[in-house]
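# Got a predicted structure here, sequence first:
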Amino acid sequence: MRKPFIAGNWKMNKTAVEAADLASKLKESVGDFKDADILICPPYTSLAAAQEAIKDSVIDLGAQNMHWEGQGAFTGEISSVMLKDVGAKFVIIGHSERRKYFSETNEKVNKKIKAAISAGLLPIVCIGETLEQREKGQEKEVIENQLKEGFDSLSEEDLEKITVAYEPVWAIGTGKTATGQQAEQMHSFIRNWVRENFSDQTAEKIRLLYGGSVKPVNIKELISNENIDGALVGGASLKVQNFTEIIKNSV
Ligand code: PGA
């Protein structure tokens, strides 16, 4: 049985003071709830403040991106080593906003996954098709390609450290959620891909999150599906009550 995993992607929101406030209210609100794994991913400049606020709680810390090099002349970038240093345990890699606005390719995603794992970070790898691709019936082809190239030359052991987030681009921040059935179809496709390319055991273990307009009202339907193990939540993770309800409704 895979433990539910609810991750909040705060995107480019919250100053350090605001992040500390939101994180400490969330800490209070979830108390010692241990039936789901809980993660928050604030922006870089708020990681330290959020980390301080969630100390000794059930909440983990993650970042939203990283560079694949450990250090060097890469102006404006942040490395896995720096994220570890600030207390991050997870890192989101390949979010569709990064793919769309910052030219993140499957090849870069692959390099970042390898760098994250070798630094001891746990990657949450985002994949998903655009509306145009879905309308053309290409969603499985797109996902398969993202997996094939993104996971190129990873070992079975690497896969054990990875969480996959299936986020149809047309459902992100739009209020349009994939139905449980649509999401489940893709999740089962992803799990089968892992089974065929790695092993039964890894396929059974790997957690597959759904992302795209997840809210307290739709999490139950989504997570009731066999292959949906949690959610990557954007907008609703910025409200303590909504995020807490999503967490509690996930079990
Ligand atoms: P959303 O974002 O919940 O606001 O749709 C999800 C995401 O981008 O991870």
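It's in.
# residue contacts, the closest residue to the ligand within the chain?
In the chain, the residue found nearest to the ligand is Gly234; the distance is 2.2 Å by C-beta to the nearest ligand atom. No exception for glycine: its C-beta is placed from N, CA and C like everyone else's. With contact set as C-beta atoms under 8 Å, 6 or more residues apart in numbering, Gly234 has these partners: Gly8, Asn9, Lys11, Ile172, Gly173, Gly211.
# Kindly give a single PyMOL line that selects the buried subset of those residues.
In PyMOL, a selection of the buried entries from the contacts of Gly234 looks like this (16 or more other C-beta atoms under 10 Å):
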select buried, resi 8+9+11+172+211
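# need the contacts of Gly234 in TSV with secondary structure, pLDDT and distance to the ligand, can you?
TSV is the format used below for those (DSSP: H, G, I helix; E, B strand; the rest coil; pLDDT from 0 to 100; distance: C-beta to the nearest ligand atom, whole Å):
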residue	secondary structure	pLDDT	distance to the ligand
Gly8	strand	98	9
Asn9	strand	98	4
Lys11	coil	98	7
Ile172	coil	87	4
Gly173	coil	81	4
Gly211	strand	96	4
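# How about the helix or strand where Glu184 lies, which residues are buried there?
Secondary structure from DSSP states H and E places Glu184 in helix 180-197. Residues of helix 180-197 classed as buried: Gly180, Ala183, Glu184, Gln185, Met186, His187, Phe189, Ile190, Arg191, Trp193, Val194, Asn197 (neighbour count, 16+ other C-beta under 10 Å).
# which stretches of the stretch 151-251 of the chain form strands?
163-166, 207-211, 230-233 (DSSP state E, counting those that start in this stretch).
# gap between the residue lying closest to Gly175 once chain neighbours are set aside and Glu28?
Nearest in space to Gly175, with sequence neighbours left out and distances taken as C-beta to C-beta, 6 or more residues apart in numbering, is Ser213 at 5.4 Å. Remark: distance between Ser213 and Glu28 (C-beta to C-beta, to the nearest Å) = 26 Å.
# Could you export stretch 83-91 as CSV, CA atoms only?
C-alpha atoms of stretch 83-91 as CSV (Å, rounded to 0.1, in the frame of the first residue of the first chain):
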residue,chain,number,x,y,z
LEU,A,83,19.0,23.2,-1.5
LYS,A,84,20.3,20.4,0.7
ASP,A,85,22.1,23.0,2.8
VAL,A,86,18.9,25.0,3.4
GLY,A,87,17.1,21.8,4.6
ALA,A,88,15.2,20.8,1.4
LYS,A,89,14.4,17.1,1.1
PHE,A,90,12.5,17.2,-2.2
VAL,A,91,12.8,19.1,-5.4
